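Visitor: Give the three-dimensional model of this entry:
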Amino acid sequence: MQETLLRNVLQNVPTGVSVTEMAEDLSVIHRHDCAAAIWNRAPMPEFQSWIDGLDPEVLPQVRLILRPDAVQRSVTHLLDSAQTPPCAQRDRLGEDISALADLFARIMRVRYIRLRLDVVQTNACRKFHIDAVTARLVCSYRGLGTQLGVMNGNAEPQPLVTVPTGAPVVLRGTKWPEYPRSDLVHRSPPIEGTGETRLIVVLDPVIDPDMEI
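Guide: Numbering: from 1, shown residues only. Sure thing, here's the model as predicted:
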């Protein structure tokens with residue numbers, strides 16, 4: 001049922017968006033006609049129930065530059081600091097973030113990544129935009145996912161698709177070397193005033209950590 005729902009949500013994705021059934025196939029982002037790639041996966045029900053039930057005060061937040069093989073250890077320390085209750089689902093969260101970091105680093109052929117974990121309760125990044133990076137991976141573990149659409153003059157981007165919770169999306173940025181650029185844009189969903197709390201992981205490729213601010 002859940003997989004069918006995901007397929008229904010993603011069947012009308014904008015032009016330039018690829019939907020993959022396997023993690024490794026996110027490498028389709030290197031194809032000339034692909035501006036974004038979504039891994040069509042659903043979160044495990046017991047994991048989603050656990051993370052949705054956590055007090056927002058114990059959700060982790062961080063910005064770090066590190067090697068992918070250091071991510072799981074760093075996230076474990078971060079979860080300890082945030083006082084996120086230890087359990088199997090907490091371990092699953094750390095393992096998944098680490099796996100995504102390793103996957104993204106291999107796709108982008110880099111040795112370092114910038115890891116960002118954000119707890120969002122406002123309309124952060126509510127305007128449609130393209131990130132000033134080569135590419136970016138975003139995954140919403142809790143709450144609504146990233147919204148995608150194609151620019152249409154001054155009108156609202158269409159079709160508007162919300163990436164399902166738990167489904168990673170890789171997005172090309174303005175520094176992607178290929179031209180012409182796609183008209184695909186994205187935003188964080190507007191949630192202010194709804195009482196919703198999002199937990200998102202954002203990964204950027206880092207070529208030289210010494211050159212990063």
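Visitor: Can you read off the pLDDT for the spatially most central residue of the chain?
Guide: For the chain, the residue nearest the mean C-alpha position is residue 138 (1.2 Å; CA atoms, centre = their mean). pLDDT recorded at residue 138 is 97.
Visitor: same thing with residue 184?
Guide: For residue 184, the predicted pLDDT is 90.
Visitor: show me the contacts for it.
Guide: Neighbour list for residue 184: 14-17, 35-36, 130, 148-151, 171-172 [criterion: CB atoms under 8 Å, 6 or more residues apart in numbering]. Yep, even glycine has a C-beta here, placed from its N, CA and C like the rest.
Visitor: and it, how far is that from residue 149?
Guide: Residue 184 is 8 Å from residue 149, where distance means CB to CB, to the nearest Å.
Visitor: now swap in residue 69 and tell me
Guide: As for residue 69, its distance to residue 149 is 36 Å (criterion: CB to CB).
Visitor: again, but for residue 18
Guide: Remark: distance between residue 18 and residue 149 (CB to CB) = 16 Å.
Visitor: These two - which one has more neighbours?
Guide: For residue 18 versus residue 149, neighbours defined as other CB atoms under 10 Å are more numerous around residue 149 (21 against 18).
Visitor: Not counting its neighbours along the chain, what's nearest that one?
Guide: residue 157 (2.8 Å; CB to CB, 6 or more residues apart in numbering).
Visitor: How about residue 151?
Guide: Residue nearest to residue 151 in three dimensions, not counting chain neighbours: residue 183, with 4.4 Å by CB to CB, 6+ apart.
Visitor: need the contact list for the one you found.
Guide: Neighbours of residue 183 in contact, by CB under 8 Å, 6+ apart: 16, 150-151.
Visitor: What are the phi and psi values at it?
Guide: Dihedral pair for residue 183: phi -90, psi 10, per degrees, to the nearest 10.
Visitor: Now do it against residue 157, distance only.
Guide: Residue 183 sits 8 Å away from residue 157, going by CB to CB.
Visitor: Which neighbours do the two have in common?
Guide: Contact criterion CB under 8 Å, 6+ apart; residues shared by residue 183 and residue 157: 150-151.
Visitor: Output the lowest mean pLDDT helix or strand found in the protein.
Guide: Lowest on mean pLDDT, DSSP states H and E among the helices and strands of the chain sits helix 2-10, with a mean of 51.
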